[in-house]
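K.L.:
After the sequence you'll find the predicted model.
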Amino acid sequence: MTSPTTFKLTNYNYVNMHRTISIRPTDELVRKLEKLGRIEQKERSALLRRILLTGLEEELKKHALALYHERKVSLAKAAELADISVREMMDLIKGKGLSLHITSDELREDFEAALR
């Protein structure tokens, strides 16, 4: 059995503070990450940050869409949860073949949110 590998993800923000997140990847994850690293000729940490960000963005959109579809949140709230604009949320809803169920109050709220 191979020894466990630990990856540390470091995020530098605008005040040069960082946070480290450690994970214990499976052998398959390590193999795929190394393969992608060779293809793109990038360091593991840079790849991990990009992949993690992409995955988080997609998960946020998925959950926001589900909540909107279940009518648990408004269009503006779904966009806020997904960390995208109302226009992008509308495009996402349309792209998934979902209907826009908007009341006049929600339309007013969404319009005001778009102006902020």
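P.N.:
Cool, the structure landed.
K.L.:
can I assume residue 94 sits in a strand?
P.N.:
No. Using DSSP: H, G, I helix; E, B strand; the rest coil, the secondary structure at residue 94 is helix, not a strand.
K.L.:
What does the pLDDT read for it?
P.N.:
In this model, residue 94 is scored at 93, pLDDT.
K.L.:
Spatially nearest residue to it (excluding sequence neighbours)?
P.N.:
Closest residue to residue 94 apart from its sequence neighbours, by CB to CB, 6 or more residues apart in numbering: residue 100 at 7.8 Å. In this view, the C-beta of every residue, glycine as well, is placed from N, C-alpha and C.
K.L.:
tally of neighbours for that neighbour?
P.N.:
Residue 100 has 13 neighbouring residues, counting by other CB atoms under 10 Å.
K.L.:
I'd assumed it was in a helix, is it?
P.N.:
No. Residue 100 is assigned coil when assessed by three-state DSSP, not a helix.
K.L.:
Report the secondary structure state of the residue nearest the centre of the chain.
P.N.:
For the chain, residue 57 is the residue whose C-alpha lies nearest the centre (CA atoms, centre = their mean; 1.0 Å). Look at residue 57: counting by three-state DSSP, its state is helix.
K.L.:
what do you get for residue 49?
P.N.:
Residue 49 - assigned by three-state DSSP - is helix.
K.L.:
Ends of stretch 69-81, what's the gap?
P.N.:
Chord length of stretch 69-81, first to last residue, is 14 Å (CA to CA, to the nearest Å).
K.L.:
Buried residues, it. List them.
P.N.:
Judged by neighbour count using 16 or more other CB atoms under 10 Å, the buried positions of stretch 69-81 are 73, 74, 75, 76, 77, 78, 79, 80, 81.
K.L.:
before we move on, back to that, and the pLDDT at the residue nearest to the centre of the chain?
P.N.:
Looking at residue 57, its pLDDT stands at 96.
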